[in-house]
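K.L.:
predicted structure and sequence below. I'll ask about it afterward.
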Amino acid sequence: MAMKAMLCCFELASRLKVNFSKNMLGGVGINQLHMRNYASMLNCDVMKTPFKYLGMEIGGNHRRIIFWEGIIDKIRKRLDRWKGKF
């Protein structure tokens with residue numbers, strides 16, 4: 001309820017409207033029952049883990065090679081372009 005109150009204060013201060021139906025609530029290491037309860041209070045959906053945030057996978061197993069493949073591929077592509085310039 002405190003988070004919803006803070007978001008309502010943000011709406012008043014910024015004159016922007018928070019569309020709860022378009023937002024999703026996500027958490028790592030939190031009981032799914034609690035997440036569903038919090039999401040119902042905020043009138044939004046629950047994200048499924050793992051999910052991507054700023055290009056990185058959140059909530060995945062970082063000990064597995066497949067977790068890092070996307071990041072390594074991005075770095076390789078950037079290095080290839082950089083090598084091509086020089």
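P.N.:
Received it, and whenever you're ready, just let me know what you need.

K.L.:
buried sites along stretch 5-22?
P.N.:
F20 (16 or more other CB atoms under 10 Å). Bear in mind the C-beta positions are built from the backbone N, C-alpha and C, glycine included.

K.L.:
over to stretch 77-86?
P.N.:
Within stretch 77-86, no residue counts as buried by 16+ other CB under 10 Å.

K.L.:
so how far is it from its chain's centroid?
P.N.:
30 Å (CA atoms, centre = their mean, to the nearest Å).

K.L.:
may I have that stretch exported as CSV, CA atoms only?
P.N.:
Provided in CSV are the C-alpha atoms of stretch 77-86 (Å, rounded to 0.1, in the frame of the first residue of the first chain):
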residue,chain,number,x,y,z
LYS,A,77,29.8,-7.8,-32.4
ARG,A,78,31.0,-4.6,-30.9
LEU,A,79,34.6,-5.8,-30.9
ASP,A,80,34.2,-6.9,-34.6
ARG,A,81,33.1,-3.4,-35.5
TRP,A,82,35.8,-1.8,-33.5
LYS,A,83,38.5,-4.1,-35.1
GLY,A,84,37.1,-3.2,-38.6
LYS,A,85,37.6,0.5,-38.0
PHE,A,86,41.2,0.0,-36.9
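
K.L.:
quick one: mean pLDDT for it?
P.N.:
For stretch 77-86, mean pLDDT is 85.
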